[in-house]
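Trainee: With the sequence up front, the predicted model follows.
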Amino acid sequence: MAMLLGVVYWVVHLILIHEHSDLNGPEYDCDGDGVVDCGKYDRFGQTCANLDHCLWKYHLFSCLPPGKCCKCRATQCLANATAKAPEGEPDQSHVYDFGKWQNWANHIESCAPWTMPSDDKELAALLAYATEHGYKVRPSGATHSAGGLVTSQADTEVLVVSLGKYTAPEDWEYKLTPQEGKIAGRVMVNAGWTQLQLMAKIRPLNYFLPSQTAGYFFQLAGIVANTVHGGIYESGFIYEYVTRMRVMLHDGSIKVIDDEKDLRFWRTSFGLLGLIIGLEFELVQRPKLQVYTVPQRKLADWSEVEFWRYINVDAAANVPPSTPGFTEPTGSQEAASGEFFLNFGLDDLLGSSMLCVATRKNG
């Protein structure tokens, strides 16, 4: 049986090689000049080889390696839509050459150059370049923002800035400060890090952020600037627990914001005030945390009582009775958070149902 599967694999593999080597049609020739623009996947860079013309698309068993296809972009960009370092300046290809911005699902493409400065100097130089050439600067993190929030096909003269390769100076890259008074701890961190990168540092020491989002892959600057969805029943959004920010203004100057009267304007600022490049958060001690799936419940009907029964009783949500729309009954309220998935039962076979991934603070 194993030999048979091995033979089948290699037959399929050879077919895929043949299909991939026969690159023709508009999905590979982007401008119709008979020259293949797309198809080659850069294994080292883990992306397409010609980013100005090509986008990675997931198509299982239709490309080589399986699932990694480089097809022509739906939106073709003019040659001058690529940002380049000013003449006479050192080569900055490592900052500018990241193709054009698209969102996480690849259903929003743009002609905006996707730039990734590695430090404060390169970021300030990029802002000066944008000013000189009339570009609007838009920050982008995990590319998970609502459509059009960063940029879109219709926008022109836009530079998208990512902190994905950014390194902050000294303590602003990462510094953990143990308990201070009533605060369990604080952490200074590079705003270009993801939640996962931060948690990898603080979780082994039993620290958590006081709240959470719906995913670990969001960039910290985006979480604070764009109010990423998700939270904890007893807590607010993550941005509420920011105590300091290090920011770069439009002229390349850097400020540290630590007054609450100013911080409140930078939270959910969408990059309109400047770029958030460093953050300080309050932390909480949480030695144990349980993540579990609440068994799916098929609902008898879509009544308020059935809806709230699953949330309050099955999922043990810690929702106060003062919550608008709240309906009895009340459960144990032991869960710290819950992410709910609803099937509205548009077909008679499955019916209506709810499912929840919940957390509990165990200790």
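Mentor: Perfect, thanks for sending it. Numbers count the residues shown, from 1 in each chain.

Trainee: so where's the stretch 1-150 of the chain uncertain?
Mentor: For the stretch 1-150 of the chain, applying pLDDT under 70 flags the ranges 1-25, 44-46, 57-68, 75-98, 105-107, 146-147.

Trainee: Show me where it has its strands.
Mentor: Using DSSP state E, counting those that start in this stretch, the strands of the stretch 1-150 of the chain run over residues 41-42, 47-48, 54-57, 69-72, 100-102, 109-115, 136-140.

Trainee: Domain ranges for the protein, per the record?
Mentor: As assigned by automatic domain parsing, the chain contains the domains 1-73, 80-166, 170-285, 289-361.

Trainee: quick one, what contacts Thr156?
Mentor: Thr156 makes contacts with Cys111, as judged by CB atoms under 8 Å, 6 or more residues apart in numbering. Any C-beta I mention is one placed from the backbone N, CA and C, and that applies to glycine too.

Trainee: Could you dump the strands of the stretch 1-150 of the chain into TSV with distance to Leu342 and mean neighbour count added?
Mentor: Below are those laid out as TSV (distance: least, CB to CB, whole Å; neighbours: other CB atoms under 10 Å):
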stretch	distance to Leu342	mean neighbour count
strand 41-42	38	16
strand 47-48	35	20
strand 54-57	30	21
strand 69-72	33	23
strand 100-102	29	23
strand 109-115	31	24
strand 136-140	30	20
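
Trainee: Can you add distance to Glu234 and give those back as CSV?
Mentor: Output for the strands of the stretch 1-150 of the chain, formatted as CSV (distance: least, CB to CB, whole Å):
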stretch, distance to Glu234
strand 41-42, 46
strand 47-48, 41
strand 54-57, 40
strand 69-72, 45
strand 100-102, 37
strand 109-115, 38
strand 136-140, 30
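
Trainee: Any buried residues in stretch 262-275, and which?
Mentor: For stretch 262-275, the neighbour count (16 or more other CB atoms under 10 Å) marks Leu263, Trp266, Arg267, Ser269, Gly271, Gly274, Leu275 as buried.

Trainee: meant to ask about stretch 284-303
Mentor: Within stretch 284-303, the residues that count as buried by 16+ other CB under 10 Å are Val284, Arg286, Val294, Arg297, Leu299.

Trainee: picking that back up, so which of the buried residues of stretch 262-275 sit within helices?
Mentor: Judged by DSSP state H, these include Leu263, Trp266 as members of helices.

Trainee: Lowest-confidence member of the buried residues of stretch 262-275, which is it?
Mentor: Least confident by pLDDT among these: that is Gly271, with 88.

Trainee: Show the backbone phi and psi for that residue.
Mentor: When quoted as degrees, to the nearest 10, the phi and psi of Gly271 stand at phi 80, psi 10.
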